[in-house]
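Engineer: sequence first, then the predicted structure:
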Amino acid sequence: MEEACGVFAVLAPGEQVASLCYFGLYALQHRGQESAGIAVFDGDKVRLHKDMGLVSQVFDQNVLELMVGDRAVGHTRYSTTGSSRVCNAQPLVFMTRLGPFALAHNGNLVNTVQLRDQLAADGLSIKSSSDTELIAFALQQAVNAGLAWDEAIKAAALKCKGAFSLAISTPDALYALRDGHGLRPLVFGHLGEPGAGAWVISSETCGLDIVGARFNDDVAPGELVRFRLGEAHPFRSRWCEETPKLCVFELIYFARPDSRFFGESLYSYRKRIGQRLAQESPVEADLVIGVPDSGIPAAIGFSQSSGIPFGDGLIKNRYVGRTFIQPTQAMREAGIRVKLNPLQDVIEGQRIVVVDDSIVRGTTSRKLVQAFREAGAREVHMRISSPPVTHPCFYGIDTDSQDQLIAARLEIEEITKHLGVDSLAYLSKEGMLQCAQEQAQNFCTACFDGNYPIAVEEELRERKLMLEAPVPVQSVG
Ligand SMILES: O=P(O)(O)OC[C@H]1O[C@H](OP(=O)(O)OP(=O)(O)O)[C@H](O)[C@@H]1O
Ligand SMILES: NC(=O)CC[C@H](N)C(=O)O
Ligand code: SF4
Ligand SMILES: [Mg+2]
């Protein structure tokens, strides 16, 4: 599947902030695999390094050593508006009358076209084709119109509609901001003693853990948190009303199992939904097999609840990343074959239950079922620890149009045939929500039920490349 990006930032005078940011991004690699970047601030001087590739491909020791300063903002990208090109890599660095700022964004705007048209009316045009540049322009314009940083950031956020978890560095502070629905996660923590004035912002708590930071709190939906150099405590303020709608897909698939949401790890949540799935859709079988990586905790839960032994029936090549978040279908298809290989001697002659966290396009499960059959499985039953994905996402997961979603096109019996399984069952929406340690109404569940928390206009439905310049037609002869 395709994901949402990873955002990480650190303010820590006297520390190697670029290295800390590098490790934070490393922990958030699962959120975006297309490009990576870090901007380091030393007073009002900024050094920016970004390129296509994984965090470990974009940075090495030499690059990091040159990036000296007291604040860093970093990003790993999974493209949702704008193609997978270096001009769309983040963070973005812009100049204003008050000095430069760097901005990293996770999420996706839904008023992109209006913002672009407004910018054009002001005589300006974007250089990239990502929605993030429109947020940066809004902030630059607000500062240049005379506002101080806090007010300018709030004014820029008020212009944006959609999903945006942001980390911003200005010449003397670091800011974290979430949209009013808090669609994408964002947390902050401290390094060293509380009150020492060293802070970390991360998309997920696993980013705090890797640099030894202690969790303080979520950035609340509709909140702006400022961490200023030399100040012992952050300044928290609200820029819009809070109507929480965290993406439930973060819990199901996107975020890492060791990240904590609502006071527990997602590993625990995913194990619980696996137990619930076994209760809702039991099956007689010899072996439960989880699809690495994110299907494993639910498979363990399924095994515990059903009493069917859990077995390693699929070996994952650890050098292959996530396939769903690859930018093209060809890359996704190739990725699955390279990534997962069944263990023939474990599977042969067995009735197996294959547990995965989700079926989106059906790319993974179809290929896997074929591989299990070739390995000699006697029966293949599929159990999915989320409901059928029937609607596209416009808030930072690239499930493009509805016709790509297998459950939007086919009924469950047809999917069962298409995948070639003996039986197929999905977790109920109630099961998914009741297992969470948070009230059901505080989640976005639009891709499962079409209840979009923010209205999405028709023109957005071809959204990903909407800001790309048209390719000039070449004359022949
Ligand atoms: O139906 P599809 O379109 O194939 O998408 C669903 C699959 O994609 C994801 O895996 P992915 O390989 O991206 O990541 P993972 O290793 O974290 O499971 C997800 O866990 C499913 O296995
Ligand atoms: N997945 C994301 O959060 C992407 C951020 C932004 N919309 C981009 O495409 O660069
Ligand atoms: S539509 Fe689905 S993937 Fe998108 S934010 Fe809502 S729950 Fe998450
Ligand atoms: Mg998977």
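Structural biologist: Cool, the structure landed. Ligands and ions are numbered 1, 2, ... in the order given.
Engineer: what parts of the stretch 201-350 of the chain come near ligand 1?
Structural biologist: Within the stretch 201-350 of the chain, the residues that sit near ligand 1 (C-beta under 6 Å from any ligand atom) are 253, 291, 292, 293, 294, 295, 322, 323, 324, 325. Every C-beta, even on glycine, is put in place using the N, C-alpha and C of the backbone.
Engineer: from those, which single one is nearest residue 156?
Structural biologist: Nearest to residue 156, judged by C-beta to C-beta, of those is residue 325 at 27.5 Å.
Engineer: pLDDT below threshold where in the stretch 351-477 of the chain?
Structural biologist: Applying pLDDT under 70 to the stretch 351-477 of the chain flags the ranges 400, 459-463, 465, 469-477.
Engineer: now with 50?
Structural biologist: Applying pLDDT under 50 to the stretch 351-477 of the chain flags the ranges 470-477.
Engineer: that one: strands as residue ranges?
Structural biologist: For the stretch 351-477 of the chain, applying DSSP state E, counting those that start in this stretch gives strands covering 351-356, 379-384, 423-426, 443-444.
Engineer: what helices or strands is the helix or strand harbouring residue 49 leaning on?
Structural biologist: Taking DSSP states H and E as the definition, one finds residue 49 inside strand 45-52. When contacts are defined as 3 or more C-beta pairs under 8 Å, 6 or more residues apart in numbering; DSSP states H and E, strand 45-52 sits against strand 35-42, helix 55-58, strand 99-106.
Engineer: is it possible to get TSV of these that adds distance to residue 381?
Structural biologist: Output for those, formatted as TSV (distance: least, C-beta to C-beta, whole Å):
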stretch	distance to residue 381
strand 35-42	39
helix 55-58	38
strand 99-106	36
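Engineer: mean pLDDT, distance to ligand 2 and mean neighbour count added to those, as CSV?
Structural biologist: Output for those, formatted as CSV (pLDDT from 0 to 100; distance: least, C-beta to the nearest ligand atom, whole Å; neighbours: other C-beta atoms under 10 Å):
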stretch, mean pLDDT, distance to ligand 2, mean neighbour count
strand 35-42, 98, 9, 26
helix 55-58, 97, 15, 17
strand 99-106, 98, 4, 26
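Engineer: turn these into TSV, including distance to ligand 3.
Structural biologist: Listed next are these as TSV, based on distance: least, C-beta to the nearest ligand atom, whole Å:
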stretch	distance to ligand 3
strand 35-42	21
helix 55-58	24
strand 99-106	11
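Engineer: ligand 3 contacts on the stretch 101-250 of the chain?
Structural biologist: Residues of the stretch 101-250 of the chain that fall close to ligand 3, judged by C-beta under 6 Å from any ligand atom: 183, 247, 248, 249.
Engineer: at 8 Å instead, please
Structural biologist: Residues of the stretch 101-250 of the chain found near ligand 3 (C-beta under 8 Å from any ligand atom) are 163, 183, 184, 245, 247, 248, 249, 250.
Engineer: pick out the most distant pair among those.
Structural biologist: Checking those with C-beta to C-beta, the most distant pair is 163 and 248, at 13.3 Å.
Engineer: of the two, which one has the most company?
Structural biologist: residue 163 (30 against 24; other C-beta atoms under 10 Å).
Engineer: just to revisit the earlier point, among the residues of the stretch 201-350 of the chain next to ligand 1, name the least confidently predicted one.
Structural biologist: pLDDT across these is lowest for residue 325, at 73.
Engineer: neighbours of residue 52, how many?
Structural biologist: The burial count for residue 52: 15, using other C-beta under 10 Å.
Engineer: ok, it to residue 252 distance?
Structural biologist: 28 Å (C-beta to C-beta, to the nearest Å).
Engineer: same question, residue 103
Structural biologist: Counting by C-beta to C-beta, the gap from residue 103 to residue 252 is 28 Å.
Engineer: go on, residue 457?
Structural biologist: According to C-beta to C-beta, residue 457 and residue 252 sit 27 Å apart.
Engineer: do the same with residue 212
Structural biologist: Per C-beta to C-beta, residue 212 is found 29 Å from residue 252.
Engineer: between those two, which one's more packed in?
Structural biologist: The residue with more neighbours, out of residue 212 and residue 252, is residue 252; 26 against 12, by other C-beta under 10 Å.
Engineer: near ligand 2, which residues of this protein?
Structural biologist: Proximity of the chain to ligand 2 is confined to 2-5, 31-32, 77-82, 88, 90, 105-109, 130-132, 163, 184, 396-398, 464 under the rule C-beta under 8 Å from any ligand atom.
Engineer: what is the distance between stretch 408-418 and the centre of its chain?
Structural biologist: Centre-to-centre, stretch 408-418 and its host chain are 27 Å apart (C-alpha atoms, centre = their mean, to the nearest Å).
Engineer: show me which positions of it end up buried.
Structural biologist: 408, 410, 415, 416, 418 (16 or more other C-beta atoms under 10 Å).
Engineer: does ligand 1 sit close to that stretch?
Structural biologist: No - residues of stretch 408-418 contacting ligand 1 under C-beta under 8 Å from any ligand atom: none, with a closest distance of 10.5 Å.
Engineer: need the residues that contact that stretch.
Structural biologist: Stretch 408-418 is contacted from outside by 359, 362, 366, 388-391, 402-403, 406-407, 423-424, 426, using C-beta atoms under 8 Å, 6 or more residues apart in numbering.
Engineer: over to stretch 424-432?
Structural biologist: Stretch 424-432 is contacted by residues 248, 252, 273, 276-277, 280-281, 283, 359, 381-388, 412, 415-416, 445, 448-449 when judged by C-beta under 8 Å, 6+ apart.
Engineer: now for the closest residue to ligand 1 within the stretch 101-250 of the chain, how many residues are close by?
Structural biologist: Nearest to ligand 1 in the stretch 101-250 of the chain, going by C-beta to the nearest ligand atom, is residue 249, at a distance of 10.1 Å. Using other C-beta under 10 Å, residue 249 has 28 other residues around it.
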